[in-house]
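S.K.: what's the 3D shape of this:
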Amino acid sequence: MSIEQYGWNDEWFAKGEHYLINNRIAGRVAQEQKGMYRVWTEAGTLNAEVSGKFRFQAAERGDFPAVGDWVILDARPQEGKGIIHQLLPRTSCFSRKVAGEVTDEQIVAANVDTIFIVMALNNDFNIRRLERYLTMAWESGANPAVVLSKSDLCDDKQDKVMQVEAVAFGVPVHTVSALQNDGLEELSGYLSSGRTVALLGSSGVGKSTIINAFAGRELQEVQEIRESDAKGRHTTTHREMFLLPQGGILIDTPGMRELQLWESVDGLKQSFEDVEAYALACRFRDCTHGTEPGCAVKAAIAGGMLDRERYESYLKLQKELAYLERKASAKARLAEKQRGRQLAKQVRNTKSGKSS
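M.R.: Next up is the predicted model:
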């Protein structure tokens, strides 16, 4: 296979040319599981791991390769193996905070052109969750598109489309039924040769069904949702990249039980540009939108121009980002102290060695 089919082009070559020495080659990470990587290369698909130097120099979890990344590696095609030495700078990166209390970044997909935010037109339909996805998608550097799946199961499709369009400013909205092959033609325009699309959404919304429809065969296992609550079962257990017959690339991701923001300040502003615009129109620059006179936000809510629940969603995400920033700052200060202690220890050991 030609590496250009995986998205390699002159821009990527310019980024990687300096590292393509000693017979090293470029490859793209198609799958990652527990520190092992399946990498697409011109020498074939290789099972790879990072070098010891790479592992030592990686300061954060986000410094390691993720699905969609371009890497430079030593290849041993006769063994089907490789060693990753360099990660090329990303053009886009959809990240979330890892689940739990740890303040770490988890990269869901890298170097993506378009993010399909997939939401089913059944009990999964949730505008507040969509706002969260949109915030993170705008922050990633990729272009979001909303895909409303299972349209054949919805009686009020147009009403739900209007609800989505009211919060997804400037974002394309598509309704599809993968089982009935309805609406997929619109999505195929995003999947020209060398282009990469990541599918994000809850379990059971039909991401795997969409991939199978484009592939023309069952690449991903599909399970039925529970009739009691329309919740999906977690069929996809890891992130994986698929090359389609028409040349585009799809990245499937597991359904996310927990979707916590990660450094999404700019994304929040773009996703809630209506709230931000009203805030700029307030009489006072430091208006808290509480008891101050001349508050444009309060006036917009009272006049029905701004939905109160949307504004409360904005405040919730804003507080979440502020909390994350405080935790990240505390973590950075602690790491700096630890580096200082290590440096002081090295200095003491060096002096001790000289004196002896």
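
S.K.: In the chain, what helix or strand scores lowest on average pLDDT?
M.R.: Counting by mean pLDDT, DSSP states H and E, the chain has its least confident helix or strand at helix 308-355, which shows a mean of 70.

S.K.: Below-threshold pLDDT in the stretch 201-350 of the chain: ranges please.
M.R.: The model of the stretch 201-350 of the chain has pLDDT under 70 over residues 219-237, 255-264, 327-350.

S.K.: mind running it again at 50?
M.R.: With pLDDT under 50 as the threshold, the stretch 201-350 of the chain has low-confidence stretches at 225-232, 234.

S.K.: Could you pull out the helices in it for me?
M.R.: Per DSSP state H, counting those that start in this stretch, the stretch 201-350 of the chain carries helices over the ranges 207-215, 265-271, 273-280, 296-302, 308-355.

S.K.: can you give me how far the first one is from the chain middle?
M.R.: Using Cα atoms, centre = their mean, to the nearest Å, we find the averaged C-alpha position of helix 207-215 to lie 19 Å away from the chain's own average C-alpha position.

S.K.: and if you look at the third one?
M.R.: Helix 273-280 has its average C-alpha position 26 Å from the chain's average C-alpha position, going by Cα atoms, centre = their mean.

S.K.: With only the CA atoms kept, save it in CSV.
M.R.: The C-alpha trace of helix 273-280 is given here as CSV (Å, rounded to 0.1, in the frame of the first residue of the first chain):
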residue,chain,number,x,y,z
GLU,A,273,-20.6,32.2,20.8
ASP,A,274,-24.2,33.4,21.5
VAL,A,275,-23.6,33.6,25.2
GLU,A,276,-20.2,35.3,24.7
ALA,A,277,-21.8,37.9,22.4
TYR,A,278,-24.5,38.8,25.0
ALA,A,279,-21.9,39.0,27.7
LEU,A,280,-19.9,41.6,25.6
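
S.K.: Which positions in it come out as buried?
M.R.: For helix 273-280, a neighbour-count test (16 or more other Cβ atoms under 10 Å) marks 274-275, 278-279 as buried. In this view, the C-beta of every residue, glycine as well, is placed from N, C-alpha and C.

S.K.: Touching it from outside, list them.
M.R.: Here helix 273-280 makes contact (Cβ atoms under 8 Å, 6 or more residues apart in numbering) with 169, 269, 287, 289, 296-297, 300, 306, 310-311, 314.

S.K.: Out of the residues you listed, grab the one that's most surrounded.
M.R.: Highest neighbour count within these, by other Cβ atoms under 10 Å: Val297, with 23 neighbours.

S.K.: How much space separates the residue lying closest to that one once chain neighbours are set aside from Glu273?
M.R.: Leaving aside its sequence neighbours, Val297 sits nearest to His289 (Cβ to Cβ, 6 or more residues apart in numbering; 4.3 Å). From His289 across to Glu273, the span is 16 Å (Cβ to Cβ, to the nearest Å).

S.K.: what do you get for Lys207?
M.R.: Noted for Lys207: a distance of 28 Å to Glu273, by Cβ to Cβ.

S.K.: did I read that right, Ser95 in a strand?
M.R.: Yes: assigned with DSSP: H, G, I helix; E, B strand; the rest coil, Ser95 falls within a strand.

S.K.: was I right about it contacting Glu105?
M.R.: Yes: with contact defined as Cβ atoms under 8 Å, Ser95 reaches Glu105; the gap is 5.0 Å.

S.K.: Mind checking which of those two has more residues around it?
M.R.: Ser95 (21 against 18).

S.K.: What's the separation between that one and Glu79?
M.R.: 33 Å.

S.K.: counting contacts, what elements does the helix or strand harbouring Gln106 pack onto?
M.R.: According to DSSP states H and E, Gln106 maps onto strand 105-110. Secondary-structure packing of strand 105-110 (3 or more Cβ pairs under 8 Å, 6 or more residues apart in numbering; DSSP states H and E): strand 93-97, strand 196-200.

S.K.: In its sheet, which strands sit next to that strand, and in what direction?
M.R.: strand 93-97 (antiparallel) (DSSP bridges).

S.K.: Now do the partner strand and strand 196-200, the angle between them.
M.R.: Between strand 93-97 and strand 196-200, the angle comes out at 20 degrees (axes from the mean of the first three to the mean of the last three Cα atoms, to 10 degrees).

S.K.: mind listing what's buried in strand 93-97?
M.R.: Per 16+ other Cβ under 10 Å, strand 93-97 contains these buried residues: 93-97.

S.K.: What of stretch 177-196?
M.R.: 177-178, 183-184, 187, 190-191, 195-196.

S.K.: ok, those residues vs Pro65, which is closest?
M.R.: Relative to Pro65, the closest of the buried residues of stretch 177-196 is Thr196; by Cβ to Cβ it sits at 15.2 Å.

S.K.: close enough to count as contact, that closest one and Ile251?
M.R.: Yes: if you go by Cβ under 8 Å, Thr196 and Ile251 touch, sitting 6.7 Å apart.

S.K.: any shared contact partners between those two?
M.R.: Contacts common to Thr196 and Ile251, judged by Cβ under 8 Å, 6+ apart, are 68, 112, 241.

S.K.: What are the boundaries of the strands in the stretch 1-150 of the chain?
M.R.: 25-33, 36-41, 44-50, 70-76, 81-87, 93-97, 105-110, 114-120, 143-149 (DSSP state E, counting those that start in this stretch).

S.K.: which ones are touching Ile127?
M.R.: Each residue near Ile127 by Cβ under 8 Å, 6+ apart is listed here: 163-164, 167, 310.

S.K.: Among those, find me the one that's closest to Thr41.
M.R.: Nearest to Thr41 out of the contacts of Ile127 is Val164 (Cβ to Cβ; 39.7 Å).

S.K.: Many thanks, we can stop here.
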